[in-house]
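**Student:** this one's structure only:
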């Protein structure tokens, strides 16, 4: 696969990882994890670069990147909301939390707010059933959610982001 797009990403950031793993069989997931950590997601030019450096076909890389839910092919907001939709969370009100996210932030699953602050991703399970309904925002876990508590969390993060500007 050839891409005429300009390389907008600095591939030198990924070079230490590629030097370490490009010839190690079975290292594609590790390479993709490192790339996503560096760039925030897996841009097309980075996938093409990984393919060129490792000799792994783009179709195989895309197959892995689209199979595992940990990988993102689009940029996400500063705050990635992973809302659990597992059985315990569903029974305890995750749909009400999703509704308040849809209404308060104006986004649906897979969407990012216009200001680039929040992205919503529904997930099958976060493994925190005793905290249901639960969501993770980046590395922080918020449990025993109510619609009011969720809105309060979003307001706090919006204020924090405003102070950082």
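**Tutor:** That came in fine, so what should we check first? Remember, predicted model here, so these are calculated numbers, not experimental data.
**Student:** Next, the distance between the ends of stretch 103-120.
**Tutor:** Using Cα to Cα, to the nearest Å, the end-to-end distance of stretch 103-120 comes to 12 Å.
**Student:** The host helix or strand of residue 46: what's the following helix or strand?
**Tutor:** Element membership for residue 46 (DSSP states H and E) is helix 44-54. Per DSSP H and E, the first helix or strand lying C-terminal to helix 44-54 is helix 58-67.
**Student:** Going by contacts, tell me the helices and strands next to that following helix.
**Tutor:** Judged by 3 or more Cβ pairs under 8 Å, 6 or more residues apart in numbering; DSSP states H and E, the packing partners of helix 58-67 are helix 28-39, helix 44-54. To be clear about C-beta, it is placed using only N, CA and C from the backbone, and glycine gets the same treatment.
**Student:** Going by neighbour count, which residues in that helix are buried?
**Tutor:** Within helix 58-67, the residues that count as buried by 16 or more other Cβ atoms under 10 Å are 58, 61, 62, 65.
**Student:** Thought residue 48 was touching the first one, still the case?
**Tutor:** Yes. Counting by Cβ atoms under 8 Å, residue 48 is a contact partner of residue 58 at 6.6 Å.
**Student:** Are we agreed that residue 122 is in a strand?
**Tutor:** Yes. Checked against DSSP: H, G, I helix; E, B strand; the rest coil, residue 122 lies within a strand.
**Student:** bridging residues for it?
**Tutor:** Beta-bridge pairing for residue 122 (DSSP bridges): residue 83.
**Student:** what are the ranges of the strands in the protein?
**Tutor:** For the chain, applying DSSP state E gives strands covering 79-84, 118-123, 135-137, 140-142.
**Student:** Thanks again, I'm all set now.
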